[in-house]
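Student: Fold the following for me, if possible:
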Amino acid sequence: MKYALLIYSRDADWDNLSEDARTAIYGEYAAVSQSPGILGGEQLGPADTATTVRVADGSTLTTDGPFAETKEGLGGFFLLEADNLDDAIAMAARIPAARMGGAVEVRPLVEM
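Tutor: Just a heads-up that it's a prediction; the model follows:
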């Protein structure tokens, strides 16, 4: 089964880290990205660079940034192939954001 591991982090917490701490955390992300079962993943740009798109009555409407203000923002994702949800949760727990005030949402992909 394939899972999306959606990484939500707190940008303010990241900004308060030393350069050495940031380098160590990037190393942890790199280690996860090289783990068996990881099929890919990417870091996303800051939320304030996003554009939200909606279509209403046939017209395309755009808004700068994310729609909702939250303390946590979607910062990236990994795509994982795992035997079961327990294995996916174990991999999600290795992602630094999960222990640093953020969260990792584990969501199964719909395979057709």
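
Student: And the longest helix anywhere in the chain, what does it pack against?
Tutor: Longest helix in the chain by number of residues (criterion: DSSP state H): helix 19-33. Secondary-structure packing of helix 19-33 (3 or more C-beta pairs under 8 Å, 6 or more residues apart in numbering; DSSP states H and E): strand 38-43. Using the backbone N, CA and C atoms, a C-beta is placed for each residue, glycine as well.

Student: those strands in the protein, which residues are they?
Tutor: Using DSSP state E, the strands found in the chain span residues 2-9, 38-43, 51-56, 59-64, 73-81, 103-108.

Student: what's the most buried one of the ones you listed?
Tutor: strand 2-9 (a mean of 20; mean count of other C-beta atoms under 10 Å).

Student: Report the angle between that strand and helix 19-33.
Tutor: 170 degrees (axes from the mean of the first three to the mean of the last three C-alpha atoms, to 10 degrees).

Student: so what's Ala56 bridging to?
Tutor: With DSSP bridges as the criterion, Ala56 is bridged to Ser59.

Student: Please read off the pLDDT at it from the model.
Tutor: With respect to pLDDT, Ala56 scores 92.
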